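[1] Predicted structure and sequence below. I'll ask about it afterward.
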Amino acid sequence: MNNISLSIIGSGYIARKVLKELSSLCQIVSIYSTNKKTSKEIADKYKIKCCYTYDEILNDENIDCIYIATPHSSHFYYAVRAIKSKKSVICEKPSAINGQQLNYLINLSETYNVYFGEIMHFRFTPVFNELKRIIDLRTYGKLKSVYASIGFDAYALPKRKRLLNPDTCGGSLLDIGIYLAAFAESIFDNLSVNSYTIFSEKNDDGIDIENKINANINGVNCDFECSFKRILPTEINLFFEKGKITIPYFFRPSKLIFSDDNNIENIYCNSFSYKYQFEKAFKDISSGVIESEYYNHKSNYNTICLLDKIRYHENLFYSKKLESIMENKNKNEQNLY
C-alpha cells in the first residue's frame, strides 16, 4: 500500500466503483458529498470519516490528495480550492468545462507545485500502450481511417438528470464524447485537424444529445459518434493497410482484436483495472511530480480544446457562470451524485 492519504469528494456510482480498488492502494481518510446519506453509508462501510463540509478536508493537514468524483459542473470549483490548499488533485473527466478553466487549473498546479491530473483510464492501460506501439511501428501498415462510437439511451436511465441538465453541464459531448477526443489526441502525434464537418442534435434545453463528427486528422479520415438517444457500439475501429484492429469498450480496454479477409483473433489481452492510473498518480505525488507522463497537462488541454472547437462550432454553450473561471460552487449539484 502507498503512504498517500486520500480524501474523496462525491458519493455516486463512479466513486463507489473506484473505492473498491483504491482501498488497497492508499490510505483513504475521509469522504465529503452534498448527499449526506450516501456519503455516510460509504464512510461506515470503509470505516473512514464522513465530513459535512469541504473545509474539513481542506483544513486537514494529514490529507495529501483529493479525488474529485462529482458532477461536471462542480469539478472546477473543488479542484481550484484543493490546489490552493496545497492538496494534490485527481479529478474525474472533464476536470474543467473549457480550455480557459483547464489552463487556469494547470497554472495553479504549477504555482502551488502540486500534482493535478484528470482521469482518463485508458491512457494508463497495457492495452493502450500495445496499441500505440503497433501504430508507431506500423505493424499492420499505415493507419488509413478510424471509426469510433459510444452511445446509450440516457432517457431510459432513472438518474438521467445530470446527463441532460444544462445547469450540470450535461450533454453527450462533454460526458462521453471526451473519450473520443482524448483517444484522437493520444494516437496522433502533433495532432492537426485539416478539415471537419459536425452535426449536433439538441434537446429543448439546448443540450447536445447526439454528435456526429467527420474529420481529417493528420491525413487520416476519422468518423466519431456519441449519443444519448441511441445505443451505439462502444468501440474503436482502426483500419490499417493490412487489416483492422477493434477495441471494445475502449475507455476501459481489455483486448485488441485484429481482423482481415482471412481471420479474426485477439492479438493482445490484459484485464482492465482502475488501479493503473491511480498507482502511477500516487507514485508521481510521492516523487513530487505535478503531472503524469501518460496523460500530461498538454494532452489534457489539447483534448478539452478539441471539444471547445466542436461546441463553439455548434453553439453549445452553458451559462456564463459555469463557463467562467469564477470559483463559485454550483448550487445544482445537490443530490445528483
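    Structure received.

[2] Tell me which residue is most central in the protein.
    With distances taken as CA atoms, centre = their mean, the residue of the chain nearest its centroid is Lys93 (3.0 Å).

[3] so that residue sits right up against Ile119, yeah?
    Yes. Applying CB atoms under 8 Å, one finds Lys93 in contact with Ile119, separated by 5.4 Å. Where you see a C-beta, it was placed from the backbone N, CA and C, and this is true even at glycine.

[4] re the thing from before, need the contact list for the residue nearest to the centre of the chain.
    118-120, 178-179, 182 (CB atoms under 8 Å, 6 or more residues apart in numbering).

[5] Among those, which ones are in strands?
    Counting by DSSP state E, the part of the contacts of Lys93 found in strands is Glu118.

[6] Pick the one among the contacts of Lys93 closest to Cys26.
    Ile119 (15.2 Å; CB to CB).

[7] ok, the closest one - contacts?
    Contact analysis of Ile119 by CB under 8 Å, 6+ apart lists 90-93, 277.

[8] how close does it get to Asp189?
    Counting by CB to CB, to the nearest Å, the separation of Ile119 from Asp189 is 23 Å.

[9] Repeat that for Ile176.
    Taking CB to CB, one finds Ile176 at 25 Å from Asp189.

[10] ok, these two, which is more surrounded?
    Neighbours were counted for Ile176 and for Asp189 using other CB atoms under 10 Å; Ile176 has more, 23 against 11.

[11] Quick check: next helix or strand after the strand or helix carrying Val146?
    Assigned by DSSP states H and E, Val146 falls within strand 143-151. Downstream of strand 143-151, the first helix or strand assigned by DSSP H and E is helix 161-164.

[12] if we can go back for a sec, most surrounded residue in the contacts of Ile119?
    The most crowded member of the contacts of Ile119, judged by other CB under 10 Å, is Ile90 (27 neighbours).

[13] where does that residue land in three-state SS?
    Under the three-state scheme (DSSP: H, G, I helix; E, B strand; the rest coil), Ile90 adopts strand.

[14] same check, this time on Asp223
    Asp223 - assigned by three-state DSSP - is strand.

[15] OK, contacts around Glu130?
    Under the criterion of CB under 8 Å, 6+ apart, the neighbours of Glu130 are 256, 268, 270.

[16] nope, Phe199 is what I meant
    211-213.

[17] for the record, mean pLDDT for the strand or helix carrying it?
    Using DSSP H and E, Phe199 sits in strand 193-202. Taken as a whole, strand 193-202 has a mean pLDDT of 92.

[18] Direction included, what does it pair up with?
    Its sheet considered, strand 193-202 pairs with strand 208-217 (antiparallel) by DSSP bridges.

[19] What residues of the strand it pairs with count as buried?
    The neighbour-count check on strand 208-217 (16 or more other CB atoms under 10 Å) flags 208-211, 213, 215, 217 as buried.

[20] repeat for stretch 217-229
    Counting neighbours by 16+ other CB under 10 Å, stretch 217-229 gives 217, 220, 222, 224-229 as buried.

[21] neighbouring contacts of the longest helix seen in the chain?
    Secondary structure of the chain per DSSP state H: the longest helix is helix 297-313. Residues from elsewhere that reach helix 297-313, judged by CB under 8 Å, 6+ apart: 94-96, 98-99, 102-103, 106, 109, 116-118, 120, 123, 173-174, 177-178, 181-182, 184-186, 191, 193, 198, 200, 208, 211, 213, 291, 316-317.

[22] redo that, cut-off 7 Å
    Contact with helix 297-313 is made by 94, 96, 98-99, 102-103, 106, 118, 173-174, 177-178, 181-182, 184-186, 191, 198, 211, 213, 291, as judged by CB atoms under 7 Å, 6 or more residues apart in numbering.

[23] could you give the angle of it to strand 208-217?
    With axes from the mean of the first three to the mean of the last three CA atoms, to 10 degrees defining the directions, helix 297-313 sits at 120 degrees from strand 208-217.

[24] quick one on the thing from earlier: can I get the contacts of Glu130 in JSON lines with neighbour count, secondary structure and distance to Arg138?
    Shown next, in JSON lines, are these (neighbours: other CB atoms under 10 Å; DSSP: H, G, I helix; E, B strand; the rest coil; distance: CB to CB, whole Å):
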{"residue": "Leu256", "neighbour count": "21", "secondary structure": "strand", "distance to Arg138": "15"}
{"residue": "Tyr268", "neighbour count": "19", "secondary structure": "strand", "distance to Arg138": "16"}
{"residue": "Asn270", "neighbour count": "16", "secondary structure": "coil", "distance to Arg138": "22"}
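
[25] Turn these into CSV, columns for distance to Tyr140.
    Output for the contacts of Glu130, formatted as CSV (distance: CB to CB, whole Å):
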residue, distance to Tyr140
Leu256, 11
Tyr268, 13
Asn270, 19
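
[26] Show me which of those residues is closest to Ile9.
    Asn270 (30.2 Å).

[27] what about this protein, any weak spots by pLDDT?
    1-2, 327-337 (pLDDT under 70).

[28] what's the domain layout of it?
    The chain breaks down by automatic domain parsing into domains covering 5-121+275-290, 126-269.

[29] hang on, the earlier thing: quick check: next helix or strand after the longest helix of the chain?
    Next element after helix 297-313 (DSSP H and E): helix 320-323.
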